[in-house]
Structure formats: structure tokens, C-alpha cells
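Chemist: with the input below, show me the fold.
(4 chains)
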2 protein chains.
Amino acid sequence: MENKMNIENTQSQMRRGILEFCILSVIRRGEAYPSDIVEEMKESKLQVLEGTLYPLLTRLKNAGMLTYRWVESNSGPPRKYFSLTEQGEAFYKQLEGTWNELANAVNKLKNKEESLKPVTEETAAQMPNQNPENEEQPQ
Amino acid sequence: MENKMNIENTQSQMRRGILEFCILSVIRRGEAYPSDIVEEMKESKLQVLEGTLYPLLTRLKNAGMLTYRWVESNSGPPRKYFSLTEQGEAFYKQLEGTWNELANAVNKLKNKEESLKPVTEETAAQMPNQNPENEEQPQ
DNA sequence: TACGGTACTTTGTAACACATAGTACTGTAT
DNA sequence: ATACAGTACTATGTGTTACAAAGTACCGTA
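Modeler: The predicted structure follows:
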């Protein structure tokens, strides 16, 4: 009861589903190592944290979508540069299709007119209040 | 190891984040009861299942975003017709903003050119294979 | 009174982002 | 050399939530 439902949580839920797609999208444009990706995502207003990114990359690698190679850095330890495998490229294409369909569907849905449907009022009736919650009759 | 990473799962993850938004969007256009919503979502290529929808509606109701009233049906038990509260309307507006930003960011990201960045090859070097996974050097 | 349809509820499971803490390697200053 | 700070990667625990599946309750009809 008394649920909070803060907007940040819902927003992060929205990001969640497309993270994988976005990260593949970044890597697809050229080899990248994790901090690169975090940075690029932040620029694009799509926040990702380390604790999210690393497991995700590992998952994608184990699934055969990504490979990496070590590249030494002159400012710290070596880096894992990731790139898409052939399989990863195919997977990306599928996700792109999914994203396009989805975005399209959502936009259509939210722009639909305040159409018809004023509830057919079959017998808008008082039911026995068999549950204790708020039973207010809208207008 | 040998992760499966089936596309269906990822697709459902994508849907996941925007479900709440879509459902609010449907209800916003007029009172609706669960089966209505399932139907409308299916038409829009956005699958939702009962076991998902009911808890979601309850959550939104408990958070004060929705109310409902009972309406008798002539083809079965009475139905809960849901509608947005004032708070729910405000919440929806926020989510709409979030969605727009997000969709925008993703589209920009995925349409970015195969830009620059051929990895600065500082010292693309063979590192000691300190882990047993695949260390293949791309190309 | 039994039965099929519709509506709603409950419970368990798995996926996953996130927060946080920890390990390991690097170069630089003391 | 030794300590320290910065960077890169890893590991663990927690909370949220979609989904699956089974269950309960109400309705009209045979």
C-alpha cells in the first residue's frame, strides 16, 4: 500500500530494455572499451553505469555477439576493446527492426485520437463493495 | 557459458520499460477494463499478458495514478473500468517527455555515422592470456 | 445443478539494472 | 624500492518486474 512510484525508477525501466541495443550500436561503429561506451552513452543522454555495463558486455561476449582484444594503454592498465562478431551484427540488425517497430507502435498509440468509446454503460451499477479500496465513481 | 540470448527475450525486455507508459496512454483516452487494454495493445503490436497487466494496474492504482469503478457486464462478471486520476495525468505527461527524449536519443545514436575512431592503436599488443576465454584478434 | 465463458487474483520464477565494494595493473612522486 | 593515486575490470547482494501457470469467483444457459 501507499506505493511510491517515483519517476526516476520508471525512466530507468524505460532505458533498461534498449540498453543492449544502444551498446551494440555504439560498438558497431568501431571498437570501443567500456569507459568509451559509458562516455558516449552519457553524451547521448543515456546513462549507463559500470556495474551495468561490464556484466552486459560479458553476457554478449559469452553469447558470441562480441569479441575483444587487449590493447595496452599509456595511462593505466590495458583495455578490452570490443567489436561485433558476424553473429553480433546479425543480432543487431534484428534488434534494430524490433526497435523501429516498437517506436512506431508507441508513437501511433500515444497520438491516437480521444476516439469513440465512452464506455457502453451497459449498466453502470453499484456493485457490492467487496473490497475495501477506493470505489469512487468518476463523475 | 554458452549463453543463449534469444531474440524474443530481448524484445520483451524492450517492451518491458514502456508497458506502463503505453497502458496509461490507452486508459487516458477513455475508461477501459483489462481485457480492453490487452486487446488494444495486441492490435498495436504490443503484447501484454493478463499476468502482467493486472499487477501493473493494481500497482498504479495503489500509487494513486488510477481509479476504477465496477461496471456490470451482460456476458459475465462485472468489470473494473480504470481511468486516470489527476496525479496519473501528470505522471503520464512526465513519461511522455521521457519517452520522447529517449526515442530521440536512440535514433540519433543509431544513425550516427561510422565516424572517426579507428582505435588509436597505442600499442595494439599481445597481452598475457590471463583468462581462458576467446582472445581472437579481430582481422 | 452442472458447465463453459469471462474476469480477476495469487504465487513462483527468471532476468536484469544498479549500488557497492573489491582486485589488479599502471605510472609518478617520494 | 616503495607508497600512492588513477584507471580498468570483477564480484556480490538487492530490488523491480514481466511472465507463466494455476486458482477463485461470478455469470448465463442447457
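
Chemist: contacts and neighbour counts: CA atoms only from here.
Modeler: Noted.

Chemist: what are the ranges of the helices in chain A?
Modeler: Assigned by DSSP state H, the helices in chain A fall at A:7-28, A:34-43, A:50-62, A:86-111.

Chemist: now tabulate those helices in JSON lines and tack on mean neighbour count, mean pLDDT and distance to B:K45.
Modeler: Output for the helices of chain A, formatted as JSON lines (neighbours: other Cα atoms under 10 Å in any protein chain shown; pLDDT from 0 to 100; distance: least, Cα to Cα, whole Å):
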{"stretch": "helix A:7-28", "mean neighbour count": "19", "mean pLDDT": "92", "distance to B:K45": "17"}
{"stretch": "helix A:34-43", "mean neighbour count": "16", "mean pLDDT": "93", "distance to B:K45": "28"}
{"stretch": "helix A:50-62", "mean neighbour count": "16", "mean pLDDT": "94", "distance to B:K45": "27"}
{"stretch": "helix A:86-111", "mean neighbour count": "16", "mean pLDDT": "94", "distance to B:K45": "7"}
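
Chemist: of these, give the one that comes closest to chain B.
Modeler: Among the helices of chain A, the nearest to chain B by Cα to the nearest Cα is helix A:7-28 (3.8 Å).

Chemist: and the closest one, what does it pack against?
Modeler: helix A:34-43, strand A:79-84, helix A:86-111, helix B:7-28, helix B:86-111 (3 or more Cα pairs under 8 Å, 6 or more residues apart in numbering or on different chains; DSSP states H and E).

Chemist: and with 10 Å instead?
Modeler: Helix A:7-28 sits against helix A:34-43, helix A:50-62, strand A:66-71, strand A:79-84, helix A:86-111, helix B:7-28, helix B:86-111, with contacts defined as 3 or more Cα pairs under 10 Å, 6 or more residues apart in numbering or on different chains; DSSP states H and E.

Chemist: alpha carbons only: can I get that helix in PDB?
Modeler: Provided in PDB are the C-alpha atoms of helix A:7-28 (Å, rounded to 0.1, in the frame of the first residue of the first chain):
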ATOM      1  CA  ILE A   7       9.600   8.800 -11.900                       C
ATOM      2  CA  GLU A   8      13.300   8.000 -11.900                       C
ATOM      3  CA  ASN A   9      12.500   4.400 -11.500                       C
ATOM      4  CA  THR A  10      10.200   4.200 -14.400                       C
ATOM      5  CA  GLN A  11      12.600   6.200 -16.500                       C
ATOM      6  CA  SER A  12      15.300   3.700 -15.700                       C
ATOM      7  CA  GLN A  13      13.000   0.900 -16.600                       C
ATOM      8  CA  MET A  14      12.500   2.500 -20.000                       C
ATOM      9  CA  ARG A  15      16.200   2.800 -20.600                       C
ATOM     10  CA  ARG A  16      16.700  -0.800 -19.500                       C
ATOM     11  CA  GLY A  17      15.100  -2.500 -22.400                       C
ATOM     12  CA  ILE A  18      17.100  -0.600 -25.000                       C
ATOM     13  CA  LEU A  19      20.500  -0.600 -23.300                       C
ATOM     14  CA  GLU A  20      21.600  -3.700 -25.000                       C
ATOM     15  CA  PHE A  21      20.600  -2.300 -28.400                       C
ATOM     16  CA  CYS A  22      22.300   1.000 -27.800                       C
ATOM     17  CA  ILE A  23      25.500  -0.500 -26.600                       C
ATOM     18  CA  LEU A  24      25.700  -2.800 -29.700                       C
ATOM     19  CA  SER A  25      25.000   0.300 -31.700                       C
ATOM     20  CA  VAL A  26      28.000   2.100 -30.200                       C
ATOM     21  CA  ILE A  27      30.300  -0.800 -30.700                       C
ATOM     22  CA  ARG A  28      29.200  -1.400 -34.200                       C
END
